[in-house]
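*Asks:* okay, here's the prediction I keep looking at, along with the sequence it came from:
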2 protein chains.
Amino acid sequence: MPERVYNFSAGPSMLPLSALERAGAEITNYRGSGMSVMEMSHRSPIFQEIFDQAQDKLRRVLSIPAGYKLLFLQTGATGQFSMVPLNLMGEAGRADYAVTGNFSQLACQEARKYGAVHIAASSEDRDYRYIPAQDQLELDPGASYFYYCANNTIYGTEWNYVPETGSVPLVCDMSSNILSTPVDVSKYGLIFAGAQKNMAPAGLTVVILREGLAGRHLPCTPLMMEYQTMIQKDSMYNTPPCWCIYMLSLTLDWVEENGGLAGMERLRRQRSGLLYEALDSSRLFQCHAEPAARSSMNVTFRTGKPELDAQFIAQAAQAGLLNLKGHRKTGGMRASIYNAMPLEGVEKLRDFIRAFEKANL
Amino acid sequence: MPERVYNFSAGPSMLPLSALERAGAEITNYRGSGMSVMEMSHRSPIFQEIFDQAQDKLRRVLSIPAGYKLLFLQTGATGQFSMVPLNLMGEAGRADYAVTGNFSQLACQEARKYGAVHIAASSEDRDYRYIPAQDQLELDPGASYFYYCANNTIYGTEWNYVPETGSVPLVCDMSSNILSTPVDVSKYGLIFAGAQKNMAPAGLTVVILREGLAGRHLPCTPLMMEYQTMIQKDSMYNTPPCWCIYMLSLTLDWVEENGGLAGMERLRRQRSGLLYEALDSSRLFQCHAEPAARSSMNVTFRTGKPELDAQFIAQAAQAGLLNLKGHRKTGGMRASIYNAMPLEGVEKLRDFIRAFEKANL
């Protein structure tokens, strides 16, 4: 069997090998139960235990304080683009959005269906290469919430601060950097994240929300998009994505064995440090993101020559470094280096970058 | 390692062992790719091939005619309770619902948010023990659609005919009997089914709809609930539930190896025949469903004495026959015998029923 490759995909992407191996070992018979986790009734005690353990581990790893609900949904992060305004627009009927990339732009567009949207900040003017500073945010103190996306997968930028919005609840899409760095959950009204980058296979969306925020959804809200219903039913109004929840639990074991979020933070600094150092010392490559806004999750870079970029991507793939093609909006390359990317994979990519430069400069 | 049990859960439930074993064998390295299906970018050629094969197999097995779109969504069947009226209420703004159980009741209730709902038939008057006949349907020729649920998991009843509704499109929830019997798709406007009973692990919802039905959604429809968007993006507006789609493909291999839907139909007759025969010849047990409405998927029965029912369930579990407890709405027992339940499991349950009767009559 060929060895495993280094997969730099923007998501779904690599999962911890230990989690995959554990899942494989018990795939037809989960710990003596005589059945696969994929076959378990979601109402059975054995699955409830898996569900509870996944919730406990995530609460522990993220230090979710009392007073916050944790939901396991299957809307996708994109579903949250609707679910947030449907539930939180409330009486004020208006919300602030910071547009720093593709997904905050889509979220903003979707929210216009359900209320008045005010662009509190945008980095479109410089092709989303930067993150607006606190004093550039035009805050509406009467807004129902302030929305931003913590890490912009496509452009390779990441907020390096938490916006200060006074009494206006912060809503944050953490799909591409959750579990990679410590977060002060108490600063947020609502955090959501699709699982498929740092947590589990695609099909699970995690929502963390402050008690009291739910319950004022618009009348047209689909039942499955009411936070209140999902809170009351502990995420099991209907059948949850059981396998993804189980995989999340196995991934969290790996996170805890590797030092929790402090350990993940160390690893992400090492990984991104290696790549940015190589790129900064290069005369062939340029980064897309401005230095202060660089993401530790998605490193976007290019040579400036599309045909050379294409060569880079093809040759890297031959060397076992896969899915380095950038999004069509930016062109060039993108190395997504989520939690489960081994340091060795990044070192190989760094070496490949240097060798490619030598051969092509 | 203990052997596998017979799991009579109403869903999620048993999957073909061959599918689980195949998935286990390639869980860290899918066919030499060096990665798990759980780690693949949904935009990669290798995943696109898995996706296309799953669609091709499902089209072939279900004989889906040209002119029908096939979608892989993650709304859950419950999400379809909203998505159907949001998209299909259209200009008429009214729809017919047949209420023959819990899930059609919930679907009906949800549809009232989005239009005028007319109860075209209901079997509530006899505790959902029967299915209304064609001449009992009060049809509104101006309705936007006629909605029914083909198999009622909780009550153990199943429609044994396809309602004739003239030019009004038929919408059917086939969550609990899809792939168990041949279906003439051309009679339907829209079919949907959650995957977790006969198709794949929980987290995937299959929708089959006639071209031209989509595109008239209400303005408040969340983006992810627009059929038109999902058609245009071939179910990949956002990341689909990749692992479930892969498991569906493996399950469909098993269906095809076992004679397709004709084979599944033979098996379901054998399975349900064994149980109903044992129950009909019993003086201890009664079925919940009236004979003409009996489901081949969920066999609901009871002794009439709750403490004896509890004994039955507990003793059966000790014999490796799991999850036979009926839903709280009916009490008693329920044996869910979906496609992947081996005949041997049903034979053991039949023998257990007889032995229990002998010991307790």
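*Replies:* Thanks, I have it. Everything numeric here is computed off the predicted structure, so don't read it as measured data.

*Asks:* outline the domain layout of chain A.
*Replies:* A:19-256, A:259-360 (automatic domain parsing).

*Asks:* for the ones you listed, which one sits closest to residue B:74?
*Replies:* Evaluated over the domains of chain A, closeness to residue B:74 peaks at domain A:19-256, with 5.0 Å, by Cβ to Cβ. (Each C-beta comes from the backbone N, C-alpha and C, glycine too.)

*Asks:* coming back round to it: now mean pLDDT and mean neighbour count too, for the domains of chain A, in CSV please.
*Replies:* Converted to CSV, the domains of chain A look like this (pLDDT from 0 to 100; neighbours: other Cβ atoms under 10 Å in any protein chain shown):
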stretch, mean pLDDT, mean neighbour count
domain A:19-256, 97, 21
domain A:259-360, 97, 18
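
*Asks:* to residue B:108, which of those domains lies closest?
*Replies:* Per Cβ to Cβ, nearest to residue B:108 of the domains of chain A: domain A:19-256, 12.2 Å.

*Asks:* which residue ranges form the strands in chain A?
*Replies:* Ranges of strands in chain A, per DSSP state E, are A:6-7, A:68-73, A:94-99, A:116-122, A:146-149, A:151-152, A:157-158, A:170-173, A:190-194, A:205-210, A:286-287, A:298-302, A:321-322, A:333-336.

*Asks:* now render those strands as JSON lines, adding distance to residue B:6.
*Replies:* Output for the strands of chain A, formatted as JSON lines (distance: least, Cβ to Cβ, whole Å):
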{"stretch": "strand A:6-7", "distance to residue B:6": "38"}
{"stretch": "strand A:68-73", "distance to residue B:6": "28"}
{"stretch": "strand A:94-99", "distance to residue B:6": "52"}
{"stretch": "strand A:116-122", "distance to residue B:6": "54"}
{"stretch": "strand A:146-149", "distance to residue B:6": "47"}
{"stretch": "strand A:151-152", "distance to residue B:6": "46"}
{"stretch": "strand A:157-158", "distance to residue B:6": "50"}
{"stretch": "strand A:170-173", "distance to residue B:6": "44"}
{"stretch": "strand A:190-194", "distance to residue B:6": "36"}
{"stretch": "strand A:205-210", "distance to residue B:6": "33"}
{"stretch": "strand A:286-287", "distance to residue B:6": "58"}
{"stretch": "strand A:298-302", "distance to residue B:6": "47"}
{"stretch": "strand A:321-322", "distance to residue B:6": "42"}
{"stretch": "strand A:333-336", "distance to residue B:6": "43"}
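
*Asks:* nearest to residue B:29, of these?
*Replies:* strand A:6-7 (11.7 Å).

*Asks:* other SSEs contacting that closest one?
*Replies:* Using 3 or more Cβ pairs under 8 Å, 6 or more residues apart in numbering or on different chains; DSSP states H and E as the contact test, the elements touching strand A:6-7 are strand A:321-322, helix A:343-360.

*Asks:* in a markdown table, list those along with distance to chain B.
*Replies:* Listed next are the helices and strands packed on strand A:6-7 as a markdown table, based on distance: least, Cβ to the nearest Cβ, whole Å:
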| stretch | distance to chain B |
| --- | --- |
| strand A:321-322 | 8 |
| helix A:343-360 | 12 |
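
*Asks:* columns distance to residue A:127 on top of these, output as TSV?
*Replies:* TSV is the format used below for the helices and strands packed on strand A:6-7 (distance: least, Cβ to Cβ, whole Å):
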stretch	distance to residue A:127
strand A:321-322	26
helix A:343-360	23
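
*Asks:* what about the ones you listed, which gets the closest to residue A:275?
*Replies:* Across the helices and strands packed on strand A:6-7, closest to residue A:275 is helix A:343-360 (Cβ to Cβ), at 6.1 Å.
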